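A.B. asks: Fold the stuff below for me.
(one chain, ligands or ions: 1)
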Amino acid sequence: MNKIVVTYNNADLDCVASAYAYTEYLNKTGIMATYYISGMVQDEVNIVCQLFNILLNNKIDKIQDEDIIVVDTNTLSSVDYVKPKNIVEFIDHHPNSGDIKYCENATLRLYDVGAVCTIIAEMFKENKLVISREAAILLYYGIISNTINLKAKTTTEKDISILSWLKKNCLAIDESLITKIFEEKSKINIKYLRRFMEVEEKFIVNNDEMIIGQLEITNAIDFLNKYRNNIDKIIFDVYDEYKVKYVFLNIIDILKGYHLLYTPDKKCISFLEEKLDVVFNDDIYKEDEIVLRKEIKKILKNLMSNKK
Ligand SMILES: [Mn+2]
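C.D. replies: Numbers count the residues shown, from 1 in each chain. Presented below is the predicted three-dimensional model:
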């Protein structure tokens, strides 16, 4: 039976690159597979594809009863368009959501790396398979994007060393384009600000439901100052719609390498100040290093479950 590699809605570059390259990997090892991208992809995916003339297309329009492989998430709600019983495999680097218990046919492969792209690239390398130009480019910039050009603390030795293998296998890869890609993806159309803020997924610790948005852009502080009203409105809308206890935003400056926590909600600020032992100034907390949303989730989860 044909296998289908899927990932979450509004996929980022790590998702799309992993799905694309893992499909190629399966095909090259004699397993029939296609990828399926659900919903709109994030701008960065289109930027890289245009730069290198890579064409992405879904060869199927609809998921039926095929075997499903999920990459870059292990949370069922983010792949709500597939049936849990059809999932045969998860390949991911996020914390274990516990949802595997609802998938009687699936195995869960979790790796401690900065990008799922790294895992897929290593499979090509270990099995001495020839990698296509497209797959190598997507994986390379997928790793760069997901590790914020290796500045994120989630970056591992594996991420760093596989980049040189990818470069060796594809002459089109150009390091000097990284800044250009980062600048390009920061040109946000404010009409779609909510999509860029990634505020549609609840995170639950103990009994507290919260939503942590994330923006990855250049000139983070200027952006926040300029669009503060728009951001506030979206955060309050999200409170209304999802009825969660806390909503806040993690804003990463992808070139300067710092991050901000921001929310207009004083109650949420007090919560974060207490839990994370930080001080907000004018509703903003700034730290001179990059901390990703998945790391913040991990910290909160550890703190709050220990206490129980
Ligand atoms: Mn990822």
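A.B. asks: Which element is encountered next along the chain beyond the longest strand seen in the chain?
C.D. replies: Counting residues, the longest strand in the chain under DSSP state E turns out to be strand 208-217. Next helix or strand after strand 208-217 toward the C-terminus (DSSP states H and E): helix 220-226.
A.B. asks: now the helix or strand just after that following helix and strand 208-217, what's the angle there?
C.D. replies: Note on helix 220-226: by DSSP H and E, the next helix or strand toward the C-terminus is helix 228-242. If you take axes from the mean of the first three to the mean of the last three Cα atoms, to 10 degrees, helix 228-242 sits at 150 degrees to strand 208-217.
A.B. asks: Convert helix 228-242 to CSV, retaining C-alpha atoms only.
C.D. replies: Once non-C-alpha atoms are left out, helix 228-242 reads as follows in CSV (Å, rounded to 0.1, in the frame of the first residue of the first chain):
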residue,chain,number,x,y,z
ARG,A,228,1.7,46.6,19.3
ASN,A,229,-2.0,47.5,18.9
ASN,A,230,-2.5,44.9,16.2
ILE,A,231,-0.8,42.2,18.4
ASP,A,232,-2.8,43.2,21.4
LYS,A,233,-6.1,42.9,19.5
ILE,A,234,-5.2,39.4,18.3
ILE,A,235,-4.2,38.3,21.8
PHE,A,236,-7.5,39.4,23.2
ASP,A,237,-9.4,37.8,20.4
VAL,A,238,-7.5,34.5,21.1
TYR,A,239,-8.5,34.8,24.8
ASP,A,240,-12.1,35.2,23.7
GLU,A,241,-12.2,32.4,21.2
TYR,A,242,-10.2,29.7,23.0
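A.B. asks: helices and strands around it, which ones?
C.D. replies: helix 193-197, strand 208-217, strand 246-253 (3 or more Cβ pairs under 8 Å, 6 or more residues apart in numbering; DSSP states H and E). To be clear about C-beta, it is placed using only N, CA and C from the backbone, and glycine gets the same treatment.
A.B. asks: What residues sit buried inside that helix?
C.D. replies: Buried residues in helix 228-242, counted by 16 or more other Cβ atoms under 10 Å: 231, 234-235, 238-239, 242.
A.B. asks: pLDDT of it, averaged?
C.D. replies: Mean pLDDT, computed over helix 228-242, is 98.
A.B. asks: go on, stretch 153-172?
C.D. replies: Mean pLDDT, stretch 153-172: 97.
A.B. asks: From the chain's centroid, how far away is it?
C.D. replies: For stretch 153-172, the separation from the chain centroid amounts to 18 Å (computed by Cα atoms, centre = their mean, to the nearest Å).
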